[in-house]
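S.K.: coordinates for the following, if possible.
(one chain, ligands or ions: 2)
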Amino acid sequence: MLQIRFDNTYAREMEGLYVPWQGLKAPAPEMLLLNRALADDLGLDPDALLSPAGLDMLSGSAMPEGAHPLAMAYAGHQFGGFSPQLGDGRALLVGEVIDRAGTRRDIHLKGSGRTPFSRGGDGKAALGPVLREYIVGEAMHALGVPTTRALAAVATGETVYRETPLPGAVLARVATSHLRVGSFQFLLARGDHARLRRLADYAIDRHYPDLAGQDGRYLGLLQGVADRQAALVAQWMALGFVHGVMNTDNCTISGETIDYGPCAFIDGYDPQALFSSIDQTGRYAYGNQPVLIQWNLARLAETLLPLIAPKNPEDALPDARAVIDAIPRHYAEARRARFGAKLGIAAPGQRDEALIDGFLALLAEVQADFTQSFRALIPAAGGDDGPLRAHLDAAKGLDGWLAQWRSRIGPGAAVAMASANPVYIPRNHLVEGALADANDGNLDTTRRLLDALSSPYTRRDGFEAHEGPAPAGFGPYVTFCGT
Ligand code: AMP
Ligand code: MG
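M.R.: Numbers count the residues shown, from 1 in each chain. Ligands and ions are numbered 1, 2, ... in the order given. Next up, the predicted model:
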């Protein structure tokens with residue numbers, strides 16, 4: 001029996017920011033992947049999710065008692081241009097549950113059919129992108145990055161038409177909320193300051209409860225989101241992660257990474273690595289992510305001005321600007337902490353920036369593998385340079401850098417470094433290989449990859465093939481949006 005105790009605050013409190021909606025009936029829903037551990041965290045019975053009623057919910061076909069399926073409305077800047085009307089064009093918020101830790105979580109579907117926000121789209125998702133989001137999202141979680149999670153991937157039994165006919169699927173995604181910068185922009189664009197205030201208070205209750213009821217809470221909200229997003233992007237950078245589509249509708253209020261569409265991980269280090277086919281100007285390249293997060297937060301600030309200073313929003317500008325102006329400093333601190341940990345420096349200070357930048361310069365000089373080169377620092381800290389030299393021997397200045405670094409690290413460095421430098425990341429060629437096999441009806445490669453990625457900081461026998469960069473024949477990697 002599928003029994004879920006929903007408590008749907010968004011549906012109750014955020015009228016005007018959604019349309020009640022139902023999913024499309026999937027002709028032949030079939031469970032492809034079920035995240036039993038996450039189901040358990042959510043207080044859901046994994047076996048009930050496998051029942052016909054569970055499959056109906058997870059495919060969007062029919063909802064259990066207590067669900068309040070709806071399509072969320074939002075706006076957003078996409079590649080810098082403002083779209084006042086986006087919204088869940090192929091997604092549904094099923095409802096909210098309180099997990100075992102007491103945290104409110106959204107259960108959300110992607111690929112569940114057309115909605116009033118679909119514009120020209122078909123409302124569907126193909127198997128490949130659904131599995132990609134499943135794999136990368138779960139990998140990010142295991143790597144310690146705040147992120148939406150994947151609860152299940154369900155095949156619909158339908159064919160989805162992209163360039164070629166593809167199997168259709170639905171992703172069941174879990175997040176602490178789906179509030180975005182674009183949610184606020186939707187209401188500002190309509191001049192609806194009353195709802196904007198309700199949304200800000202709702203976001204505060206859900207994500208920044210310490211601010212609730214306080215006088216300066218709207219500026220506090222801006223500060224809170226800015227802090228979390230700056231810290232998040234520092235984590236992305238320290239893992240060589242390129243999100244690929246940092247539009248304001250993909251920028252969460254919770255500080256969780258969302259929407260694994262055209263994302264990719266760097267193999268050979270290039271500070272301006274770019275993978276997305278539609279990003280012609282390189283707006284969302286690896287090295288631009290810290291700049292773009294400030295840009296996105298400035299868009300959030302604009303929406304909060306009328307709440308911070310209702311009589312004259314311009315009066316709020318100096319305070320809001322101070323928060324935005326401080327983002328690069330907060331990012332730099334978070335970056336220094338993350339990269340310092342990767343180098344085994346316990347409490348990195350300003351003077352360690354040169355060591356961090358120096359190592360990255362060595363990587364860039366020879367396009368060394370980002371993940372493996374950092375991991376090779378662990379034996380190097382213990383005196384064995386071999387693995388590091390295998391990656392960086394051709395880089396001029398390696399010896400000088402090594403000498404400086406050795407004089408800076410303490411005896412326990414290697415232990416700490418092992419939890420900052422992963423062995424396994426969802427490398428592009430591994431993800432593509434898994435998706436290709438899945439499209440041929442074989443999910444074994446995906447399951448094996450998920451296994452490798454589930455404990456990314458521990459090397460395990462049998463997973464050697466999951467460690468290294470793409471073989472030479474893989475070629476330059478290109479990702480696609482709007483899938
Ligand atoms: P994304 O790039 O996935 O963040 O999506 C941007 C916007 O396009 C959102 O409003 C999505 O709901 C919408 N969208 C993306 N793919 C589809 C699709 N196949 N059908 C309908 N809407 C879509
Ligand atoms: Mg999106």
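
S.K.: tell me the spacing between the residue of the stretch 251-400 of the chain found nearest ligand 2 and ligand 1.
M.R.: Relative to ligand 2, the nearest point of the stretch 251-400 of the chain is residue 259 (4.1 Å; Cβ to the ion). Using the backbone N, CA and C atoms, a C-beta is placed for each residue, glycine as well. Using Cβ to the nearest ligand atom, to the nearest Å, one obtains 5 Å as the distance from residue 259 to ligand 1.

S.K.: which SS class is residue 167?
M.R.: strand (DSSP: H, G, I helix; E, B strand; the rest coil).

S.K.: ok, what's across the strand from it?
M.R.: As for beta bridges, residue 167 partners with residue 159 under DSSP bridges.

S.K.: my guess is it contacts residue 159. True?
M.R.: Yes. Here residue 167 reaches residue 159: they are 6.9 Å apart, a contact under Cβ atoms under 8 Å.

S.K.: for ligand 2, what are the nearby residues on this structure?
M.R.: Residues of the chain lying close to ligand 2 by Cβ under 5 Å from the ion are 250, 259.

S.K.: cutoff 6 Å now
M.R.: 249, 250, 259 (Cβ under 6 Å from the ion).

S.K.: in the stretch 101-250 of the chain, what residue comes closest to ligand 2?
M.R.: Taking Cβ to the ion, the stretch 101-250 of the chain has residue 250 as its residue nearest ligand 2, at 4.5 Å.

S.K.: quick check: that residue touching residue 257?
M.R.: No. Using Cβ under 8 Å as the test, residue 250 is too far from residue 257 to be in contact (9.0 Å).

S.K.: overlap in contacts of the two?
M.R.: Here residue 250 and residue 257 share the contacting residues residue 243, scored by Cβ atoms under 8 Å, 6 or more residues apart in numbering.

S.K.: so for the two, which sits in the more crowded spot?
M.R.: residue 257 (26 against 20; other Cβ atoms under 10 Å).

S.K.: low pLDDT regions in this structure?
M.R.: Along the chain, segments meeting pLDDT under 70 span 481-483.

S.K.: just the strands in it please.
M.R.: 18-20, 30-34, 70-72, 76-78, 81-83, 91-98, 104-110, 125-126, 149-161, 165-175, 241-242, 264-265 (DSSP state E).

S.K.: show me how the record splits the chain into domains.
M.R.: 9-175, 215-427+468-483 (automatic domain parsing).

S.K.: just those domains: most buried one?
M.R.: Across the domains of the chain, averaging neighbours per residue (mean count of other Cβ atoms under 10 Å) puts domain 9-175 on top, at a mean of 20.

S.K.: do that one and ligand 1 meet at all?
M.R.: Yes. Using Cβ under 6 Å from any ligand atom, domain 9-175 reaches ligand 1 at 86, 87, 88, 89, 90, 91, 117, 118, 121, 122, 123, 124.

S.K.: ends of stretch 305-314, how far apart?
M.R.: Chord length of stretch 305-314, first to last residue, is 7 Å (Cα to Cα, to the nearest Å).

S.K.: and the residue nearest to residue 115 when sequence neighbours are not counted, bridged to which residues?
M.R.: Nearest residue to residue 115, sequence neighbours excluded (Cβ to Cβ, 6 or more residues apart in numbering): residue 71, at 3.9 Å. Legend: beta-bridge partners of residue 71 under DSSP bridges are residue 19.

S.K.: for residue 71, give its distance to residue 108.
M.R.: Applying Cβ to Cβ, to the nearest Å, the value for residue 71 to residue 108 is 11 Å.

S.K.: quickly list what's touching both of those two.
M.R.: By Cβ under 8 Å, 6+ apart, residue 71 and residue 108 have these common neighbours: 91, 92, 93.

S.K.: right, and the last one touches residue 67 too?
M.R.: No. In this structure, residue 93 sits apart from residue 67 without contact. The criterion is Cβ under 8 Å, and the distance is 9.4 Å.

S.K.: what separation do you get for the nearest residue to residue 443 once chain neighbours are set aside and ligand 1?
M.R.: For residue 443, ignoring the flanking residues on the chain, the nearest one in space by Cβ to Cβ, 6+ apart is residue 32 at 6.2 Å. In this view, residue 32 and ligand 1 are 19 Å apart by Cβ to the nearest ligand atom.

S.K.: what sits against the residue nearest to the residue of the stretch 101-250 of the chain closest to ligand 2 when sequence neighbours are not counted?
M.R.: Distance criterion Cβ to Cβ, 6+ apart; nearest residue to residue 250, sequence neighbours excluded, is residue 259 at 4.5 Å. Shown in contact with residue 259 (Cβ under 8 Å, 6+ apart): 133, 243, 245, 250.

S.K.: go on, residue 336?
M.R.: Here residue 336 is in contact with 348, 349, 350, 352, 353, 356 (Cβ under 8 Å, 6+ apart).

S.K.: closest to ligand 1 among these?
M.R.: Nearest to ligand 1, judged by Cβ to the nearest ligand atom, of the contacts of residue 336 is residue 356 at 32.2 Å.

S.K.: look up how far residue 370 lies from residue 377.
M.R.: Residue 377 sits 12 Å away from residue 370 when distances are taken as Cβ to Cβ.

S.K.: doesn't residue 186 make contact with residue 17?
M.R.: Yes. Counting by Cβ under 8 Å, residue 186 is a contact partner of residue 17 at 6.9 Å.

S.K.: joint contacts of the two?
M.R.: Contacts common to residue 17 and residue 186, judged by Cβ under 8 Å, 6+ apart, are 73, 74.

S.K.: for residue 393, give its distance to residue 376.
M.R.: Distance from residue 393 to residue 376, by Cβ to Cβ: 11 Å.

S.K.: whoops, I mixed them up, residue 128
M.R.: Applying Cβ to Cβ to residue 128 and residue 376 gives a distance of 33 Å.

S.K.: likewise residue 340?
M.R.: Taken as Cβ to Cβ, the span from residue 340 to residue 376 is 17 Å.

S.K.: same check on residue 328?
M.R.: 30 Å.

S.K.: center of this structure - which residue?
M.R.: Central residue of the chain (Cα atoms, centre = their mean): residue 257, 2.4 Å from the mean position.

S.K.: who does that residue bridge with?
M.R.: residue 147.

S.K.: that one contacts residue 236, doesn't it?
M.R.: Yes. Applying Cβ under 8 Å, one finds residue 257 in contact with residue 236, separated by 7.4 Å.

S.K.: skipping adjacent residues, who's closest to residue 77 in space?
M.R.: Closest to residue 77 by Cβ to Cβ, 6+ apart is residue 248, at 4.5 Å.

S.K.: how much space separates that neighbour from ligand 1?
M.R.: 10 Å.

S.K.: and that residue, what does it touch?
M.R.: 75, 76, 77, 180, 181, 182, 185, 296, 299, 300.

S.K.: equivalent analysis for residue 450, please.
M.R.: By Cβ under 8 Å, 6+ apart, the residues touching residue 450 are 33, 134, 135, 138.

S.K.: backbone dihedrals for the nearest residue to residue 123 once chain neighbours are set aside, please?
M.R.: In this structure, residue 123 finds its nearest non-sequential neighbour in residue 114, 3.4 Å apart by Cβ to Cβ, 6+ apart. Dihedral angles of residue 114 (phi, psi; degrees, to the nearest 10) stand at phi -70, psi 150.
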